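Visitor: Have a look at this prediction, sequence included:
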Amino acid sequence: MLLSPPIYLLITALFSLPLIASPIPLCSQTPVLGKAYYVSHEGVDYKADGSRIHPWKTIKYALYKIPDGNTLIIKPGTYTGRVRIEKAFPKGLLMKSEIPYQAKLTHNQRIVVLTDKASNIIIEGFEITHNSPESSPLVVHIDGGGKQTVKNIKIRNNIIHDSYNNDLLKINYGVENVQVECNLFYNQGDSDEHIDINSVANITVSDNVFFNDFPSSNRKITKKSSSFIVIKDSNNDEDRFHGAENINVKRNVFLNWQGSHGQGFVLVGEDGKSYYEAHNINIFNNLMIGNSPLTMRAPFMVKGAKDINFFNNTITGDLPSSAFAIRVTKERKNQKPTDINLYNNIWSDPYGTMGKGEFQESHDFSDTLLHQIGSYSLQNNLYWNGGNSLPHSIFDRINPSYDDFMYVKNPALGATEKITPPVWQPLKKQFADGSFNIREVFVRLVYFYAIPANPKNVFNKTKALTKSFPLNDILGKPRHSPHSLGAIQLDSVAK
C-alpha cells in the first residue's frame, strides 16, 4: 500500500486523476491513421482483406499486405513469434493493440524488431515480454545496421517487461529520431538495461515508468542487473555517429531498485572508449524514488562523456547508495568527462542517511574525484538530509557547499517506505497499484512522491538560471514565474 501524504495532497490527487490527459493529452491513444486493417486469431491470411469482418490471422502477413499510410489494429490475444518490420512507410504505419495491453506479443527470442529500412512507424498499446527463462537476447530491438534508413520510430504506451536475456529495449547502430514515450518497463536481464541507447542520435525518452520487481515474475533478485537507462557508443567507427548525441531523458519516474551495487537509474557512457561516448545529453523533469533497501552506486552516473545537463529533477527517499546524487569518472581509455551541469534539482533524503549504503559507511553526496572530472557547474539546487549536516568530501569536486545558490530546506515529500510496484496483472486487467493504464500509474507516483508539502521551500528566489528552466514540468504543464525547483511546477497541481 502507498503511504499517505498530507491529506490535502491526497484529496487533490484523487480529484485530479480523472483529468490526467487534460489540458495536454499526454499518452492518449493515437488516432487511426488512414484506413484501419485488422489482425485476429479468428482471421485467415491470403483469402481475407484485413477488414474488421475479414481480418488477417498473422501480424507477419498483415505487415506484408498493409498499404502505406494506414493503421494495423491487433485484436486481443497472445501472439507468439517475431514481429519484424524491414520496410519504409513514407506515409506512416500505426500498429496498435485494439484494447491497450490486451494484445500480448511474446517469443523466446527477439519479439519486435525494426531494422533495414524501417521508418515512420508507431508501435502502441501492447504487452511485450519473453516467454521462457531460456530466451535468447532482447525483447524490442531497433537496429540501424549502420545505415541511415532506420528512423522516425515511436514506441508508446506499451508494457515491456521480463527479458530473460539482455535488454528490454535496444536502440543502436545508427538509428535516428526515436521517441520512447508513455511506456512501463520492468525486469531486464542480468547485466543489462531497460533501455540501451547506443551510437544513435535524436532520441527522446519521456513519460515512462521504470522499476524492477523480479519476485512478481517468479525470478530471483540476483543483484546483477544494470542501469535502467544507458546512453553510450560502443561500436567505434562502425556507423556515422561517434558518440550518442542529442538524447533527452525527460518526465520519467524511476523506482524500486533491485540491481547491481555498481549501477544506477541512468548511466551516460560505459565502455571505456577513447572518444566521448555521448554528448549533448539532457536529463530533466524526472522523479527518482529511493524506496528499496538495496544499494546502488548512484542514481546518475557519467563515464567518458561531455555536455551533460541534469536539471529540474526530484530525487527523494532513503536511496542507499555510494553517492546520493552523482558519480563522474573516466575509465580505461576514456577522456575526462567535462561540461557537467547540475541545477534546479531537489535532492531530499528525509531519513538523514544521504549516500549511506551497504558499501559506504559515511554519508556521501557525489563520487567525483578531482582528477576524473573536468568543468562542471552546480547551481540553484535544494538539499535536505533529514536535518543532519550535508555530506562533504575534500576528495570530490562536487559538494553541496559549492553550490552558488544552494537551498537547505525540507520539501516534505511523500514517505517512500512502502510502495506497491505497479506490475501488470493481466487476469485483473489492471496494475498492482490499482491503476488501469500506464498514465494513471505515472500520475499517481508523481502526486504521492514529487509534490512538496512545504511548497514555499522549493521556489526559485534567484533569476540566475531563469532562462534554463524547461518550458513544462513532469506532468507536461507549463512552467512560469516564480519557478519551482525540482520536477513539478507546484501551482500546476493546484489547478
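Guide: Arrived safely. Numbering: from 1, shown residues only.
Visitor: list the contacts for the closest residue in space to residue 350 that isn't next to it in sequence?
Guide: Using Cβ to Cβ, 6 or more residues apart in numbering and skipping residues adjacent in sequence, the residue nearest residue 350 is residue 386, 5.1 Å away. C-beta here means a position set from N, CA and C on the backbone, and glycine is covered the same way. Listed by Cβ atoms under 8 Å, 6 or more residues apart in numbering, the contact set of residue 386 reads 349, 350, 351, 352, 353, 354.
Visitor: Output the residues you listed as JSON lines; include the columns pLDDT and neighbour count.
Guide: Below are those laid out as JSON lines (pLDDT from 0 to 100; neighbours: other Cβ atoms under 10 Å):
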{"residue": "349", "pLDDT": "97", "neighbour count": "25"}
{"residue": "350", "pLDDT": "95", "neighbour count": "20"}
{"residue": "351", "pLDDT": "93", "neighbour count": "18"}
{"residue": "352", "pLDDT": "94", "neighbour count": "14"}
{"residue": "353", "pLDDT": "93", "neighbour count": "19"}
{"residue": "354", "pLDDT": "94", "neighbour count": "27"}
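Visitor: Paired strands for the longest strand anywhere in the chain, with orientation please.
Guide: Taking DSSP state E as the criterion, the chain has its longest strand at strand 88-97. Using DSSP bridges, the strands paired with strand 88-97 are strand 70-74 (parallel), strand 119-124 (parallel).
Visitor: now those strands as CSV including mean pLDDT and mean neighbour count?
Guide: Converted to CSV, the strands paired with strand 88-97 look like this (pLDDT from 0 to 100; neighbours: other Cβ under 10 Å):
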stretch, mean pLDDT, mean neighbour count
strand 70-74, 98, 21
strand 119-124, 98, 21
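Visitor: any chance of these in CSV, plus distance to residue 49?
Guide: Listed next are the strands paired with strand 88-97 as CSV, based on distance: least, Cβ to Cβ, whole Å:
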stretch, distance to residue 49
strand 70-74, 13
strand 119-124, 22
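Visitor: Relative to residue 180, which of those strands is closest?
Guide: strand 119-124 (10.2 Å; Cβ to Cβ).
Visitor: Do a quick rundown of the strands in the stretch 1-150 of the chain.
Guide: 36-39, 70-74, 77-80, 83-85, 88-97, 103-107, 112-115, 119-124, 127-130, 140-143 (DSSP state E, counting those that start in this stretch).
Visitor: which stretch among those comes nearest residue 328?
Guide: Per Cβ to Cβ, nearest to residue 328 of the strands of the stretch 1-150 of the chain: strand 140-143, 28.7 Å.
Visitor: Figure out how far the closest one is from the centre of its chain.
Guide: 16 Å (Cα atoms, centre = their mean, to the nearest Å).
Visitor: Partner strands of the next helix or strand after that strand and their direction?
Guide: Where DSSP states H and E defines the elements, the next helix or strand beyond strand 140-143 is strand 151-156. Its sheet considered, strand 151-156 pairs with strand 119-124 (parallel), strand 176-181 (parallel) by DSSP bridges.
Visitor: Would you mind putting the ones you listed into TSV with distance to residue 397 alongside?
Guide: Output for the strands paired with strand 151-156, formatted as TSV (distance: least, Cβ to Cβ, whole Å):
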stretch	distance to residue 397
strand 119-124	42
strand 176-181	32
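Visitor: Now stretch 220-231: average pLDDT?
Guide: For stretch 220-231, mean pLDDT is 98.
Visitor: low pLDDT regions in the protein?
Guide: In the predicted model of the chain, residues 1-24, 461-467, 481-482, 491-495 satisfy pLDDT under 70.
Visitor: Helices of that one, start to end?
Guide: 7-16, 59-65, 438-449, 490-494 (DSSP state H).
Visitor: what's the offset of the third one from the middle of its chain?
Guide: This points to helix 438-449. 14 Å.
Visitor: Kindly calculate the angle that that helix makes with strand 151-156.
Guide: Inter-element angle recorded for helix 438-449 and strand 151-156: 70 degrees (by axes from the mean of the first three to the mean of the last three Cα atoms, to 10 degrees).
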